[in-house]
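S.K.: Quick one, structure for this:
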Amino acid sequence: MAVSSFSLSVTNRGREFQIGGSGILDLTAVAALRQAIEDSCGTEGASVIIDLLAVTDLRPDAVAALVEAGDFCRAKGIAFTMTAGDAFLQVLSQAGYNAELLPL
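M.R.: Have a look, this model is predicted:
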């Protein structure tokens, strides 16, 4: 699925979901990403792995939506992990978060 200049992929093997993205993660793109995360976390006993290593640009206004999606999954008792690159951590810092926020 492509949203603006962001490419989203969702694969699952049983109850393990891997969600990946590449390109620019802005408010429009994060809405689609968040929906995919919440849909995956709706599966009882699921584990969700987010791979954002290929994100080339993370917009600060998208960070809150990612935090909320992580909170949504953890509230349901779903294992939720995320990998992201240095640019992602830099944007977190600029948005007032620190590395201890990860995993989101």
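S.K.: Hmm, Asp51 is touching Thr81, no?
M.R.: No: using C-beta atoms under 8 Å, Asp51 is not in contact with Thr81; the gap is 9.5 Å. Quick note: C-beta positions are derived from backbone N, CA and C, even for glycine.
S.K.: Counting residues, name the longest helix you see in the chain.
M.R.: Counting residues, the longest helix found in the chain (DSSP state H) is helix 27-41.
S.K.: That helix packs against which elements?
M.R.: strand 2-3, strand 6-13, strand 16-25, strand 47-58, helix 63-75 (3 or more C-beta pairs under 8 Å, 6 or more residues apart in numbering; DSSP states H and E).
S.K.: could the ones you listed be laid out in TSV, adding mean neighbour count?
M.R.: Converted to TSV, the helices and strands packed on helix 27-41 look like this (neighbours: other C-beta atoms under 10 Å):
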stretch	mean neighbour count
strand 2-3	14
strand 6-13	15
strand 16-25	20
strand 47-58	19
helix 63-75	17
